[in-house]
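Participant: could you look at this predicted model? Sequence included:
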Amino acid sequence: MPSQRSKRLRKKLYLDEFAVFGFVISLKLNTESDEELDAFIESLADFAESRHLLVGGGGMSDIELVIGSALRYGSATEQDRKSIKEWIEERNEVELLELGSLVDLHQLEFVD
C-alpha cells in the first residue's frame, strides 16, 4: 500500500489534485513546402496561446503534438480540446486528425 504523501509533496510532483491535464493530437498534413508547414505550426501555436495553451512536439508531414496549459498547475479543458479540433478541421493543410482525450501529462511516455 503506497504511503500518504503530504500536500506539499503532491503539489511538487503534480499528483492527485495537482495533476496537470492536456491532450495529444496526431496530424497528417499535405503541405508542399517547409514554409507552408512552418506557417501552419505558427498559426496553431498562436491560436493555442490565445487560449493560454502551449504546444510541443514535432514532425514533418506526420506530426504529433502535446497541448497543455501555459498556466502553472493549469490544465487543458474539454472546451480547449473542442476549440483546437474545430480550428484544425477548418484548415486545408490537414488530411487526417486524431485527437486524444484529456490525460495526465506527467504520466505520458514518449518513445524516440
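Facilitator: Ah, there it is. Numbers count the residues shown, from 1 in each chain.

Participant: all helices of this structure, in order?
Facilitator: 7-12, 34-50, 78-89 (DSSP state H).

Participant: make JSON lines from the ones you listed and add distance to Val66 to it.
Facilitator: C-betas here are computed from N, CA, C, even on glycine. Below are the helices of the chain laid out as JSON lines (distance: least, Cβ to Cβ, whole Å):
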{"stretch": "helix 7-12", "distance to Val66": "21"}
{"stretch": "helix 34-50", "distance to Val66": "11"}
{"stretch": "helix 78-89", "distance to Val66": "12"}
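
Participant: so which of those helices comes closest to Val103?
Facilitator: Nearest to Val103, of all those, is helix 78-89, at 11.0 Å by Cβ to Cβ.

Participant: show the contacting residues for the spatially most central residue of the chain.
Facilitator: Nearest to the geometric centre of the chain sits Ile67, at 1.3 Å (Cα atoms, centre = their mean). For Ile67, the contact set (Cβ atoms under 8 Å, 6 or more residues apart in numbering) comprises Gly22, Phe23, Val24, Ile25, Ala48, Leu53, Leu54, Val55, Gly56, Ala76, Asp80, Ile84.

Participant: just the buried ones from those residues?
Facilitator: For the contacts of Ile67, a burial check counting by 16 or more other Cβ atoms under 10 Å picks out Gly22, Phe23, Val24, Ile25, Ala48, Leu53, Leu54, Val55, Ala76, Asp80, Ile84.

Participant: filter those down to the ones in strands?
Facilitator: Judged by DSSP state E, strands contain the following of the buried ones among the contacts of Ile67: Gly22, Phe23, Val24, Ile25, Leu53, Leu54, Val55.

Participant: which one of those residues is nearest Asp62?
Facilitator: Ile25 (11.8 Å).

Participant: state the pLDDT value of the closest residue to Glu95 other than its chain neighbours.
Facilitator: Leaving aside its sequence neighbours, Glu95 sits nearest to Lys28 (Cβ to Cβ, 6 or more residues apart in numbering; 4.6 Å). At Lys28, the model reports a pLDDT of 94.

Participant: what about Lys28, neighbour count?
Facilitator: 14 (other Cβ atoms under 10 Å).

Participant: what distance do you get for it to Lys82?
Facilitator: 21 Å (Cβ to Cβ, to the nearest Å).
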